[in-house]
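Asks: pasted the sequence and its predicted model underneath.
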Amino acid sequence: MTSSATPFNSTVRLGSRKSQLAMVQSEWVKAELEARHGDRAFEIHELSTKGDKILDVPLAKIGDKGLFTKELEDAMLRNDTDMAVHSLKDLPTNLPEGLMLGCVTERENPADALVIGSKYSGNTLETLPDGAVIGTSSLRRLAQLRHHFPKLAFKDVRGNLNTRLKKLDDGEYDALILASAGLTRLEMSDRISQEIPAEISLHAVGQGALGIECRLDDTVILDIIQVIQHQETLDRCLAERAFLRTLEGGCQVPIGVNTSIEGDRLILTGMVASLDGQRLIRDSIAGDRKEAEQLGNTLAEDLRGRGAGDILAEILAQVDRS
Ligand SMILES: NCc1[nH]cc(CCC(=O)O)c1CC(=O)O
């Protein structure tokens, strides 16, 4: 039997998407690993994913798992690369056989941010006029904002961060909702008009954290990457991912979370909303952070029993028909 472990002297190959954000994130991981493993060489392999190629279809309609990850995973399974650096929120909660989530790094601010175009600069979500056009491709952002601000108008937006910002500046939208973390990593946090509070919009599972995927039980690679693991982010993201895994039917769905840690306790808030924002089911759970995944599973079952299951089934049926 051949071992999947990397021979000690070989260059460690990091798979990355080619987008500017993905490359900034992968370069950061590479630099962190180089700083801690002076005897090792690392190189980045740039790969395109289906999500990078299909840019004219709303994300919710493409709806397949692993839209931004599959090509990076196939490369590891072929042994062309040794790990894949992902925005953790793009990594499905169930991974292909033979792969694992090997490391979660320290999270940036996971909140969503409002970026307002020049026409309405100086406003907030509360003060934007009725009918102002908000660009988002996320059903989670759409449902929660519709719930709180039913008079705003929403329009799908695709493409990488720079493309989206250009569309905003060209006047196609009055404002965008984007992840604060992505803007910060690209040194564009000056474009943030308002950080959206958790009371209005719970963020996506894993938002703001990087996840490094590797071959299952590849101990050489695990030893290399786990030195940059961040335990608090890991515990929070394990709870968030368990919540999503237990609830999810498959496609992109309006599910949001928020987590915090106080000493040994982990607090998880989760929500499921209907697409029109009319129904929104939300609750919190707290417990030992060592039981992070159990907390996520329990909260998911609790919300499912209180109507979240019906909402998710309706959404899946709608997406199948369109
Ligand atoms: N779905 C695309 C994506 N994946 C990760 C980020 C931002 C960075 C992060 O959440 O870690 C974004 C852009 C966005 O949601 O605005």
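Replies: Yep, it's here.
Asks: just give me the residue closest to the centre of the chain.
Replies: K89 (1.8 Å; CA atoms, centre = their mean).
Asks: could you find the closest non-adjacent residue to E213?
Replies: Sequence neighbours aside, A84 is the residue nearest to E213 in space, at 4.6 Å (criterion: CB to CB, 6 or more residues apart in numbering). C-beta here means a position set from N, CA and C on the backbone, and glycine is covered the same way.
Asks: in a strand, that's where G122 is, yeah?
Replies: No. Counting by DSSP: H, G, I helix; E, B strand; the rest coil, G122 is not part of a strand but coil.
Asks: count the neighbours of it for me.
Replies: The number of residues packed around G122, counting by other CB atoms under 10 Å, is 7.
Asks: show me the contacts for it.
Replies: By CB atoms under 8 Å, 6 or more residues apart in numbering, the contact set of G122 is I116.
Asks: gap between it and L114?
Replies: 12 Å (CB to CB, to the nearest Å).
Asks: hey, what's in contact with both of the two?
Replies: Joint contacts of G122 and L114 (CB under 8 Å, 6+ apart) do not exist.
Asks: quickly note the distance from the residue nearest to I192 when sequence neighbours are not counted to L295.
Replies: For I192, ignoring the flanking residues on the chain, the nearest one in space by CB to CB, 6+ apart is A113 at 4.4 Å. Using CB to CB, one gets 27 Å for the distance from A113 to L295.
Asks: quick check on L178: phi, psi?
Replies: Torsion angles at L178 (phi, psi; degrees, to the nearest 10) stand at phi -130, psi 160.
Asks: what residues does the residue in the stretch 1-150 of the chain positioned nearest to the ligand make contact with?
Replies: Relative to the ligand, the nearest point of the stretch 1-150 of the chain is S87 (3.4 Å; CB to the nearest ligand atom). Going by CB under 8 Å, 6+ apart, S87 touches 21-22, 25, 68, 182, 206-207, 209-211.
Asks: so which of A113 and L295 has more stuff around it?
Replies: Relative neighbour count places L295 above the other of A113 and L295, with 28 against 22, counting by other CB under 10 Å.
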